[in-house]
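[1] All I have is the shape, not the residue letters:
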């Protein structure tokens, strides 16, 4: 029996970042239709024309509300705008599906996030938040690799398009890599996404060392990078190139007695791997073959770290 799946929200991440003949798998619809363990029931969107357009491309039915859906749904994918994540997921829980995928962030409000976790904990529903890099093998390799680099010395993140909406990917990744991260100070902000979600210049503490989030106005350029420095090496991630660069420490060729970071390896990241692996994981999760990878609790901790008082 295939896992019957309904996508709530017919936007880019649901249906329009790619097409059925695209090489990369960048949408939920593409990943679902390529996996023979799943059946795409259709799309729900308050803009019915968007739902129809998505179903014309990928198949399935188009609905204005999931109250119109007559068939049993096993998996709901919540891909509506951030501010609606709570209300849509709350309604879905009452349908008692087997699984829910929530696009990041879990919610935009701390109280809503806690309420949603409480609601999910009292259900028997598997729920994951799609922080996509947790489903890319290169970042699993990175997590293991940095354990060999000695003590963390500090780092820098460059990003834009809102600390919660886009920067939360970086916060969640750093929580995945280091596990203990806390707020230190807020310095400034760039209003390049929304009045409620600015790209903030903030400092976080990791094991007594600092990592600075530096906003770059996305109205000019899209930037998504990190640079992490350790006592035995360094790693850099370039989101535009989709590559991770690894450095060791070597004696300087120019200045006697000094040491420098020297690049010794490059790892290419396949962005289309994330969606494909997400749905393979969900299939294995329901069969008891895998454990949750991107939990709602991790997503809630990410939310807490992204919410700074004015």
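    That came in fine, so what should we check first? Keep in mind it's a predicted model, so treat the numbers as computed, not measured.

[2] Next one, pLDDT for residue 139 please.
    As predicted, residue 139 sits at a pLDDT of 95.

[3] surely it meets residue 131?
    No: assessed by C-beta atoms under 8 Å, residue 139 is found out of contact with residue 131, at 10.1 Å. Placement of C-beta: from N, CA and C, glycine included.

[4] what touches both of these two?
    173, 176 (C-beta atoms under 8 Å, 6 or more residues apart in numbering).

[5] just the strands in the protein please.
    Ranges of strands within the chain are 3-8, 38-44, 61-63, 75-78, 99-103, 126-130, 152-159, 182-194, 197-206, 209-215, 225-230, 234-238, 243-251, 259-268, based on DSSP state E.

[6] For the longest one, which residues meet the burial criterion?
    Put plainly, it is strand 182-194. Across strand 182-194, burial judged by 16 or more other C-beta atoms under 10 Å covers 190, 192, 193.

[7] picking up where we left off before, tell me which of residue 139 and residue 131 has more neighbours.
    Set residue 139 next to residue 131 and count neighbours by other C-beta atoms under 10 Å: residue 131 wins out with 26 against 19.

[8] which secondary element of the protein has the worst mean pLDDT?
    strand 182-194 (a mean of 92; mean pLDDT, DSSP states H and E).

[9] The longest helix anywhere in the chain: which residues count as buried?
    Counting by DSSP state H, the longest helix found in the chain is helix 273-286. For helix 273-286, burial by neighbour count (16+ other C-beta under 10 Å) applies to 273-283, 285-286.

[10] what comes into contact with that helix?
    Contacts for helix 273-286 (C-beta under 8 Å, 6+ apart): 3, 25-28, 30-32, 34-35, 37-38, 74-75, 98-99, 101, 126, 128, 130, 132-133, 135-137, 290-293.

[11] Then stretch 12-23?
    Contacts with stretch 12-23, where a contact means C-beta under 8 Å, 6+ apart, come from 7, 24-30, 33, 43, 53-54, 57-58, 77, 79, 103, 272.

[12] What's the ChimeraX line that selects buried ones from those residues?
    Buried residues among the contacts of stretch 12-23 (16+ other C-beta under 10 Å), as a ChimeraX selection:
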select :7,25,26,27,28,29,30,33,43,53,54,57,58,77,79,103,272
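
[13] OK, contacts around the closest residue to residue 231 other than its chain neighbours?
    Of all residues not flanking residue 231 in the chain, residue 150 sits nearest, at 3.5 Å (C-beta to C-beta, 6 or more residues apart in numbering). By C-beta under 8 Å, 6+ apart, residue 150 lies in contact with 230, 231, 232, 233.

[14] could you dump those to CSV with neighbour count and pLDDT?
    CSV is the format used below for these (neighbours: other C-beta atoms under 10 Å; pLDDT from 0 to 100):
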residue, neighbour count, pLDDT
230, 20, 98
231, 10, 98
232, 12, 97
233, 19, 98
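
[15] Name the nearest of those relative to residue 258.
    Lowest distance from residue 258 to the contacts of residue 150 (C-beta to C-beta) belongs to residue 231, with 15.4 Å.
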